[in-house]
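Asks: Sequence and predicted model, in that order:
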Amino acid sequence: MDHYYSENPTTEHRIAQIEYSLGDINLKFTTDSGVFSKDKVDYGTNVLLRSLPPIDGRILDLGCGYGPIGITLARLNPSAEITMIDINQRAVDLAKINIEQNGVKNARVLQSNGFENLEGTFNAIISNPPIRTGKKVIYSLFEESIQYLENGGSIYLVIQKKQGAKSAMEKLNEIYGNCRAINKKGGYWILHSVKV
Ligand SMILES: C[S@@+](CC[C@H](N)C(=O)[O-])C[C@H]1O[C@@H](n2cnc3c(N)ncnc32)[C@H](O)[C@@H]1O
C-alpha cells in the first residue's frame, strides 16, 4: 500500500497548484497525490516556519515533501544554502519543479533514505518529521542528526502534542543534552536542540 513516505508511490497522479505566503513572500507549489499534505501547506509546517529565527549557512530540510520548508527558507534567507532530502521520489520531483517555479537559486534536492546520500555538515536541520513511519524510524533519524550538525548548530522540529511531542522532547534531551519548546500552537510543539 502507498503511504506519503513510499519510495515510489504508484497512486494515480492528481497534479494541483497551491499557494502559500509568509510575510511578503508569496509562493506557488505544484503538488500531487502520494505526497504529504498535498491540498495545502500543513498546519504544523506553517507553525514551524513562523516560529524560526532568521537562520543562515547550510540548512538541511529533512523529509522535504514537495518543498514548503526548504523553499520558504531559501526565499527568506537568500544567502543560505539549502539542501532538501526525501525518501519519496515523487516528492523529490515535485520539490525540483517548485524550486524552479519559485525562482529559487540557493536550494537543491536529492532522494535519500534518511541521511544516507548526504555529505558534509549543516548549521541547521529543520523538519516536520515523518511521525507515521513510527518511533523507531524517527528516533533513529534524531540520533543520526547530531553527526550532521556543526558545533553550535540547531535542529528544529514540529511535532503534534498528541503524536508524542513530549517523548520526542525527552529523546532529544537524551541525544543533545538540551531541548526547548520554542512555541506551542494549536496542539503543535516546535522543539529546538543545539549541538554544544
Ligand atoms: C510530515 S512529512 C513533511 C513534508 C514536508 N516537509 C512538509 O512540511 O509538507 C515527512 C516527509 O518525510 C519523508 N520521509 C519519510 N521517511 C523518510 C526517510 N527515511 N528519509 C527521508 N525522508 C523520509 C516523507 O516522504 C515525507 O515527505
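Replies: Structure's in. What do you need? Numbers count the residues shown, from 1 in each chain.

Asks: residue contacts, the most centrally placed residue in the chain?
Replies: In the chain, the residue lying closest to the centroid (C-alpha atoms, centre = their mean) is Ser127, at 3.1 Å. The neighbours of Ser127, taking C-beta atoms under 8 Å, 6 or more residues apart in numbering as the test, are 61-63, 69, 141, 155-158. Quick note: C-beta positions are derived from backbone N, CA and C, even for glycine.

Asks: Tell me what the nearest residue to it once chain neighbours are set aside is bridged to.
Replies: Distances taken as C-beta to C-beta, 6 or more residues apart in numbering put Leu62 closest to Ser127, at 4.0 Å, once the chain neighbours are dropped. For Leu62, the beta-bridge partners are Ile85 (DSSP bridges).

Asks: Name the residues of the chain found near the ligand, please.
Replies: Counting by C-beta under 6 Å from any ligand atom, the residues of the chain close to the ligand are 4-5, 36-37, 42, 45, 63-65, 68-69, 85-88, 91, 112-114, 128, 130, 133.

Asks: Buried ones from those, can you make that a PyMOL selection?
Replies: Isolation of the buried members of the residues of the chain next to the ligand (16 or more other C-beta atoms under 10 Å) is achieved in PyMOL through the command below:
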select buried, resi 4+5+36+37+42+45+63+64+65+68+69+85+86+87+88+91+112+114+128+130
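
Asks: re the thing from before, need the contacts of Ser127 in CSV (columns: distance to Ile97 and pLDDT).
Replies: Rendered in CSV, the data for those read as follows (distance: C-beta to C-beta, whole Å; pLDDT from 0 to 100):
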residue, distance to Ile97, pLDDT
Asp61, 16, 98
Leu62, 20, 98
Gly63, 18, 98
Ile69, 16, 98
Leu141, 25, 98
Ile155, 27, 98
Tyr156, 25, 98
Leu157, 26, 98
Val158, 24, 98
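
Asks: Of those residues, just say which sits nearest to Glu174.
Replies: Comparing the contacts of Ser127 against Glu174 with C-beta to C-beta places Ile155 closest, at 13.4 Å.

Asks: I'd guessed the closest one sits against Gln147; true?
Replies: No - applying C-beta atoms under 8 Å, one finds Ile155 not in contact with Gln147, separated by 11.7 Å.

Asks: Between those two, which has more neighbouring residues?
Replies: The residue with more neighbours, out of Ile155 and Gln147 and counting by other C-beta atoms under 10 Å, is Ile155; that gives 25 against 9.

Asks: Show the subsequent helix or strand relative to the strand or helix carrying the more buried one.
Replies: For Ile155, the host element (DSSP states H and E) is strand 149-160. Toward the C-terminus, strand 149-160 is succeeded by helix 165-176 as the next helix or strand (DSSP H and E).

Asks: so how far is that following helix from its chain's centroid?
Replies: Taking the mean of its C-alpha atoms, helix 165-176 sits 18 Å from the chain's own mean (C-alpha atoms, centre = their mean, to the nearest Å).

Asks: Pull it out as PDB, backbone CA atoms only.
Replies: Below are the C-alpha coordinates for helix 165-176, written out as PDB (Å, rounded to 0.1, in the frame of the first residue of the first chain):
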ATOM      1  CA  ALA A 165       5.900  15.700  21.300                       C
ATOM      2  CA  LYS A 166       6.700  15.200  25.000                       C
ATOM      3  CA  SER A 167       8.600  11.900  24.500                       C
ATOM      4  CA  ALA A 168      10.300  13.300  21.400                       C
ATOM      5  CA  MET A 169      11.500  16.200  23.600                       C
ATOM      6  CA  GLU A 170      12.900  13.700  26.200                       C
ATOM      7  CA  LYS A 171      14.600  11.800  23.400                       C
ATOM      8  CA  LEU A 172      16.200  15.000  22.000                       C
ATOM      9  CA  ASN A 173      17.300  15.900  25.500                       C
ATOM     10  CA  GLU A 174      19.000  12.500  25.800                       C
ATOM     11  CA  ILE A 175      20.800  13.000  22.500                       C
ATOM     12  CA  TYR A 176      21.700  16.700  22.600                       C
END
